[in-house]
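> need a 3D model of the following:
(chains A and B)
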Amino acid sequence: MDLTLSDEQRLLRESVDRFVTETFTAEHRKRSANEPLGFSPAIWKQFAGLGWLALPIGEAHGGLGGGAIEIGILMEAFGRGLVTEPYLSTVVIGAALVGACGTGAQKQAILPDVAEGALTLAFAHSERAARFDLGHVETTATRSADGWRLNGNKTAVLDGAAAKQIIVSARIVNANGASGKLCLFLVPADAPGLRVRDYARLGGGRGCNLDLNDVALPADALLGDGSDALPAIEAVVDRAMAALGAEAVGIMQTLLDTTLEYTRIRKQFGRPLSANQVIRHRLADMAMQVDEGRSMALRAALMADAEPVARSRAASGAKAKIGKCARFVAEQSVQLHGAMGVTEELDIGSYFKRLLAFETLFGGSAHHYRRHAALSGRLQA
Amino acid sequence: MDLTFNAQERAFEQEVRDFLAANLTPELKRATALTPSVFSDPDIGMAWQRALHRKGWGAPGWPVDHGGPDWTPAQRWIFEAECARAGVPNVNVMGVKMVGPVIIGFGSPEQKNFYLPRILSGEDYWCQGYSEPGSGSDLSSLKTRAVRDGDDYIINGTKIWTTHAHHANRMFALVRTNESERQQDGISFILIDMKTPGITTRPILTIGGDHEVNQVFFDDVRVPVANRVGEEGKGWTYGKYLLEFERGSGIASAKLRDALKTIADLAGSDVTGRAIDDPDIALRMSEVEVDIDALEMTELRVLSALQTGQNPGAVSSLIKLRVSEIRQAVTRLGVDVIGNDGLAVEPARPFYRLNHEPAVSEELLPVVPEYLNGRAYTIFGGSSEIQRDIIAKMVLGL
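Numbering: from 1, shown residues only, chains lettered A, B, ... in the order given. This next block holds a predicted model:
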């Protein structure tokens, strides 16, 4: 039992903290809001140079073989800087799906490029009718003479417009027309029939909806050997939720620090806001929820390689709990900043919106308490 | 980073399990499960303390010289977790965890030699004389006076919320020996024999119907000056030390998990008509379990810091607040789980020694009293409002 950081982990934290503080300033955020891709390709190259893109990729494919704890260290710092580079889409989700499902050739073709910063990925999975049910996919993949044809619509594809390859989930249509296994396909960004409806994402970065209209793919676009991909999707999304949880902790900590500072400086009725007990107690509650969030994100990361039920319970528990804490901390930060908190003139609004996006991604607290209860055998799934 | 214990720690875990299997009798377990107050009655609690003492585990937090087992923080964690899972009696903490460390830290050699072995063996049973009717959260405003008369103090005043004063043969108390400008000055820490003439005890029933706390009156009570711990007027420092000691040794998540399991078992059984089939109950159970997960992780972070010689820092002061709130959430869930059977009031005590057939299945009896008595969790030991004041000041630096 040891929850202290190793020397390598401490160095990683110091380096990412420094980089984020120096690079991701409020000025930078204003500039990057106008970046067509939603992030700076030059900074992405720096991420590669620092080894962060290679971090969780296996050593056989040019990676460093790091784990969920290291990802959490990066993501917490990314949260503090409201980083919009597609780390989650490309490294935490995309590379992990390729690593979990891909054939040897696919891994060799993709993972070293990701590690070097030459390739960004996106994961197109969510569909409107699915809500947050990972197993609900209506997009179809039909076998053709020389490969596959994909049809369907995807929502909330993070960083889709920037990705050179999009990993799309679809259900195989069997020869008899019945729907079969859930599989993943590598879809090039310029595939005919693929329409990317790009948008500015709440809280920073870009997202998109995808329309797949008879998108023709070669046979080897199928990721892996055609076995059902749901277990891998669940494992990767659980990891993504742990990573997002760490990012949310970074955001919450920044909101708390900023709000603390503001209540010390802002004077009303001849004394600082922070002299009022009602304000002090609110801040104490915020601090407590940031700390609970920190514990849950760490727990989800430590359980990322546990057996599936334990892993998913930890991930859903973290998503649900951190979501609840995030809502409280975000709303109270705005409240304690008074009218200024509701303007675009302060930075806290950006942090607030990023937390709102965090809450929604992969399902909110209500969804994850339900998933936790179902996994615990208390509730019908 | 990892959450697993090493081979030595696993071996220790097995030793604890073996000890529990051999010593925790069904009678002790049943009595504990059917006790809706904070502490077990002395016959149950002290039976367990004696079993622990025989094994050399009577005072896990004490230094080896005074009979402590010299455990690492991880061993303490394992011990507490296994004990909670097994459902051991809730031994009144006033001796081993409260007055013991103060005597060890500040007592005279005579006091150490006399009192410490009697605490370990369970021969002495202690209560705490801190709160007064006029001094709750503002403890240092206390007014019970000790006036020097030769080799004695003469004590007059009253203490309240005195847990198990009606069972205890000794009390440690904060009394005012001097009027000074700062109300924290002039307080002394004194050990009182409860059989001393002039002491009377009035029972106070808590809203669950249990007699656990009392008011204690002192009318010209003579206590030898030799019973004062440390210097005159330094009692507040010692009292605060005690509170810090108590805070650092808290491992509460395992007990909360056990309490939730009790409620979950009831919810899954026909005794409650399978309350768990109500999705609202199922979801709230997950919500509370996740809160316990977060608390456990926070406790583990503190433990890990202690183990590597680091100061856990401010985190530990957040724990009391969450423990008390989660405890209340568990007891509240219990009330909702048993539904209509919560309407049946059983006034007799203890539940594990009733002379009649209760109106409802016996495992349901403590549920409502636990909820009712449990409202005190956010009040005693520094109310939640005081805790938030402390967090604002000590954690946030406001």
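> A:Cys183 and A:Ser169 touch, don't they?
Yes: between A:Cys183 and A:Ser169 there is a contact under Cβ atoms under 8 Å: 7.2 Å. From N, CA and C alone the C-beta is placed, and that goes for glycine too.
> which residues do these two both contact?
Applying Cβ atoms under 8 Å, 6 or more residues apart in numbering or on different chains, one finds that A:Cys183 and A:Ser169 are jointly contacted by A:Ala229.
> lowest confidence element among the helices and strands of chain A?
Counting by mean pLDDT, DSSP states H and E, the weakest-scoring helix or strand in chain A turns out to be helix A:26-32, with a mean of 89.
> checking B:His356 next. Helix, strand or coil?
coil (DSSP: H, G, I helix; E, B strand; the rest coil).
> and the closest residue in space to B:Tyr115 that isn't next to it in sequence, what does it touch?
The shortest distance from B:Tyr115 to any non-neighbouring residue, by Cβ to Cβ, 6 or more residues apart in numbering or on different chains, is to B:Ile103 (5.5 Å). By Cβ under 8 Å, 6+ apart, the contact set of B:Ile103 is B:Gln111, B:Lys112, B:Tyr115, B:Leu116, B:Val229.
> near chain A, which residues of the stretch 251-398 of chain B?
B:276, B:279, B:282-283, B:285-287, B:289-291, B:293-295, B:297-298, B:300-301, B:303-305, B:307-308, B:310, B:315, B:318, B:321-322, B:385, B:387-389, B:391-392, B:395-396, B:398 (Cβ under 8 Å from any Cβ of the partner chain).
> any of the residues you listed buried? List them.
By neighbour count, with 16 or more other Cβ atoms under 10 Å in any protein chain shown, these hold B:276, B:282-283, B:285-287, B:289-291, B:293-295, B:297-298, B:300-301, B:303-305, B:307, B:315, B:318, B:321-322, B:387-389, B:391-392, B:395-396, B:398 as buried.
> what's the closest of the contacts of B:Ile103 to B:Thr237?
B:Val229 (10.8 Å; Cβ to Cβ).
> I'd say the closest one and B:Leu191 touch.
Yes: in this structure, B:Val229 is within contact of B:Leu191 by Cβ under 8 Å, at 6.6 Å.
> these two: which has the busier surroundings?
A direct count of neighbours by other Cβ atoms under 10 Å in any protein chain shown for B:Val229 and B:Leu191 places B:Leu191 higher, at 24 against 21.
> where along chain A do the helices fall?
A:7-23, A:26-32, A:41-49, A:68-81, A:87, A:96-101, A:104-116, A:230-265, A:277-302, A:308-336, A:348-360, A:365-375 (DSSP state H).
> just give the nearest non-adjacent residue to residue 47, would you?
Picked chain A for this. A:Leu53 (5.5 Å).
> try chain B instead
B:Leu28 (6.4 Å).
> list the helices and strands the helix or strand encompassing that neighbour packs on?
For B:Leu28, the element it lies in under DSSP states H and E is helix B:26-33. Counting by 3 or more Cβ pairs under 8 Å, 6 or more residues apart in numbering or on different chains; DSSP states H and E, the packing neighbours recorded for helix B:26-33 are helix B:42-55.
> residues touching the closest residue to A:Thr103 other than its chain neighbours, list them.
Closest residue in space to A:Thr103, ignoring its immediate chain neighbours: A:Gly224 at 6.0 Å, by Cβ to Cβ, 6+ apart. Taking Cβ under 8 Å, 6+ apart, we find A:Gly224 in contact with A:Cys101, A:Gly102, A:Thr103, A:Gln106, A:Cys183, A:Leu184.
> so the first one is in contact with A:Phe185, correct?
No: with contact defined as Cβ under 8 Å, A:Cys101 does not count as touching A:Phe185 (10.6 Å).
> find residues that contact each of these two.
Listed contacts common to A:Cys101 and A:Phe185 are A:Leu223; contacts here mean Cβ under 8 Å, 6+ apart.
> how many residues are close by A:Ser6?
Around A:Ser6 there are 12 residues (other Cβ under 10 Å).
> how about the nearest residue to it, chain neighbours excluded?
B:Met1 (7.5 Å).
> in contact with A:Arg294, which residues?
A:Arg294 sits in contact with A:Val249, where contact means Cβ under 8 Å, 6+ apart.
> just checking, which of the residues of the stretch 251-398 of chain B next to chain A belong to strands?
Judged by DSSP state E, strands contain none of those.
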